[in-house]
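> fold the stuff below for me.
(chains A, B, C and D)
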Protein chains: 2
Amino acid sequence: MRDVAEVAGVSLKTVSRVVNMEPGVDDRTAARVEGAIARLAYRRNDGARNLRKGISLAMIGLVIEDLRNPFYATVARAVEEVARRHGHAVVMASSGEDPDRERELATDLLKRGVQGLLIVPAGSDHRYLYADRAMRTKVVFLDRPPGLIEADAVVLDNVEGARRGVEHLIAHGHRRIAFVGDPPTVQTSVERARGYRQALEAAGLPIDEALVRLGTPRVDLAEASTRLLLALQDPPTAIFAQNNRNSIGALRAIRAVDARVAFVGFDDFELADMLPVPATVVAHDPAEMARAAAELLFARLAGDQRPPQRIVIPTKLIARGSGEIVPPSPQGVDFATREAGASSRAAS
Amino acid sequence: MRDVAEVAGVSLKTVSRVVNMEPGVDDRTAARVEGAIARLAYRRNDGARNLRKGISLAMIGLVIEDLRNPFYATVARAVEEVARRHGHAVVMASSGEDPDRERELATDLLKRGVQGLLIVPAGSDHRYLYADRAMRTKVVFLDRPPGLIEADAVVLDNVEGARRGVEHLIAHGHRRIAFVGDPPTVQTSVERARGYRQALEAAGLPIDEALVRLGTPRVDLAEASTRLLLALQDPPTAIFAQNNRNSIGALRAIRAVDARVAFVGFDDFELADMLPVPATVVAHDPAEMARAAAELLFARLAGDQRPPQRIVIPTKLIARGSGEIVPPSPQGVDFATREAGASSRAAS
DNA sequence: TTGAAAGCGGTACCAA
DNA sequence: TTGGTACCGCTTTCAA
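Predicted coordinates:
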């Protein structure tokens, strides 16, 4: 702005007046200033402006996995809504499930001076958030708990939800149930796998590790993984998928090979009820989770000093058809087959 | 920070050292400062910090309709990607198709000092963007053109895409084709309706305004609207839906009443190929559109002075089944029926 | 109508 | 190890 003033041959203050369209500037003077602005491609520094005006930017950061996943899109929208009510803007960043990138993005947001941070962690060590003491940025974790630090978190009831989903399949006569999930680095996947195991153990069923596939964070990989499962000598009669991405992949595989297997997925998804066999799911309310986390963050920003909170959002099983398919052969055949030896196969 | 210094009985600079964990501060002094920081609930002002350090915030704003719409989620993710490559963060805001809110959000983002703005307009008058002269914020419009101002825009080939979709239905023998779309305030809906009309006119078919429903911006409304269409005395034999929200609503209605009508929708959507009757769509690449717009914005920020650009992204028809359903009665029956009088109905 | 000088809340540089 | 002082780019106040 000083440069502009010099070029236009006026004082700093006059330029300021022109830029902010304050009244009381001679038209010719204003024209000269505008000319200088254009020539120098000048752009006002809003940082300095806000500093002087005492305006704090009022932003929060949101680090999620991928906006294209409808689950996170819903989360993001709900966060935006709450932030708006509190007069804050939201800066969003997608980590793509990469711990390094999560850290990079979170650190970047902190440097940008966001007042608070909502984060769906990809990594398992969040001590870096405390690197900058006295920065005092408030952080609330979303969907997954923090690693190696104490902090607020709002999560789903993963173990219980998965357990109920698998119990549902067991109740319909299934004994060979596969689990299709994200890599073990993803907390939610691990917890849901735990629920899966709990359900099987409680029913006295063996856990066949060949049926547990932890490692398919994308639709196409989940589809490939499920195809392998269905091509096993002794394939599962039911599949439990750990989230909506895995669900859609699994359903694509089931459809591709025209398998008659039961299916239950964690996360509801659009059109689940419109499929040829409507999908049974363990549903929950992502928007509610996001709102709870955002409200907690704003409470902290307002001075809430309670110890770190852990809020758990419940799940609900919605039976639509795919989870109520019963296994093809009468109960007990699986056991009989296996006792006859691993290399033998039932004729049909 | 000055307050902290006073309370701790040290100089400003020492506090600064502690806050930024610079070396060379006596532990006891540091402890005193930390105590003061805690007591005063002090938080560093990053605005002032960035000003002094000469850091410009490097943010762009993105105003879209609703993140929950997968179309916009894809757009947002692609924008984020490009912005990141250019070292910028993205502040996102959802207008909910409300012109006032669009204006409010855009103005707010400008006040926050974003370097540039990407906007999917809900309104039709964007002169407010020029209210602040010399602010020189660059703006690129996305998906829909600007109103009453000259500005860059990246849009889809709406007329052509819709025309082809409807032609496809006509080619399969349909003469009564309904249009299900957003309100006339939504540019894209109007343009796609134009393509619809062009296709009918080119084929010498009459346009029955009772079959043109402009006003259903949500899935549930589109479903209700389509139900009404299907309940007409002389119902359409095919439906063209203007975007993915309307498509899903229309398909729900078709399924609910078990109607055997053909369907083509604008926008591809996840699981379109997995439905009992896979959905034929006019597809395109939202990410490509978003990338083009974001790159154009960064080119402008880098000094690109070309006149306002208008980039058009092509569409592509993907036939999957629903668009290839032929009308129930032989060609010409509709005409015969109508010539027999509006009050008569074909027995079957 | 225009300008000079102080100051927003920090950091940088150099001296003590 | 600590402190003093100039200054980042802009707005505000008050005087010319």
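
> check contacts around residue A:188.
Residue A:188 makes contact with A:143-144, A:155-156, A:158, A:182, A:242-243, according to C-beta atoms under 8 Å, 6 or more residues apart in numbering or on different chains. C-beta coordinates here come from the backbone N, C-alpha and C atoms, glycine included.

> where does the stretch 1-150 of chain A have low pLDDT?
A:131-136 (pLDDT under 70).

> got the contact list for whichever residue of it sits closest to DNA strand D?
Scanning the stretch 1-150 of chain A for the residue nearest DNA strand D gives residue A:1, at 2.8 Å (criterion: C-beta to the nearest atom of the strand). Contact analysis of residue A:1 by C-beta under 8 Å, 6+ apart lists A:12, A:15-16, A:19, A:42, A:44-45.

> which of the contacts of residue A:188 are buried, as a ChimeraX select command?
ChimeraX command restricting the contacts of residue A:188 to the buried ones, with burial defined by 16 or more other C-beta atoms under 10 Å in any protein chain shown:
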select /A:143,144,155,156,158,182,242,243
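
> closest one of the contacts of residue A:188 to DNA strand C?
Nearest member of these to DNA strand C, counting by C-beta to the nearest atom of the strand, is residue A:144, at 31.6 Å.

> wait, doesn't that closest one sit right on residue A:190?
No: at 9.8 Å, residue A:144 does not count as touching residue A:190 under the criterion of C-beta atoms under 8 Å.

> re earlier: for the contacts of residue A:1, pick the one with the most neighbours.
For the contacts of residue A:1, neighbours were counted using other C-beta atoms under 10 Å in any protein chain shown, and residue A:15 has the most, 28 neighbours in all.

> and that one, what does it touch?
Going by C-beta under 8 Å, 6+ apart, residue A:15 touches A:1, A:4-5, A:8, A:33, A:36-37.

> how about those in TSV, adding distance to DNA strand C?
Listed next are the contacts of residue A:15 as TSV, based on distance: C-beta to the nearest atom of the strand, whole Å:
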residue	distance to DNA strand C
A:1	11
A:4	11
A:5	7
A:8	8
A:33	9
A:36	12
A:37	14
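
> mind checking which of the residues you listed are buried?
For the contacts of residue A:15, buried by 16+ other C-beta under 10 Å: A:1, A:4-5, A:8, A:33, A:36-37.

> would you mind giving those as TSV with secondary structure added?
Listed next are those as TSV, based on DSSP: H, G, I helix; E, B strand; the rest coil:
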residue	secondary structure
A:1	coil
A:4	helix
A:5	helix
A:8	helix
A:33	helix
A:36	helix
A:37	helix
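
> for chain B, state which of these is nearest.
Nearest to chain B out of the buried ones among the contacts of residue A:15 is residue A:37 (C-beta to the nearest C-beta; 5.1 Å).

> wait, the closest one touches residue A:19, no?
Yes: contact criterion C-beta under 8 Å: residue A:37 and residue A:19 qualify, at 7.4 Å.

> return the subset of the contacts of residue A:1 lying in strands.
Counting by DSSP state E, these place none of their members in strands.

> show me which of the residues you listed is closest to residue A:222.
residue A:45 (48.3 Å; C-beta to C-beta).

> next one: phi and psi at the residue lying closest to residue A:314 once chain neighbours are set aside?
Closest residue in space to residue A:314, ignoring its immediate chain neighbours: residue A:157 at 5.4 Å, by C-beta to C-beta, 6 or more residues apart in numbering or on different chains. Main-chain dihedrals, residue A:157, degrees, to the nearest 10: phi -80, psi 80.
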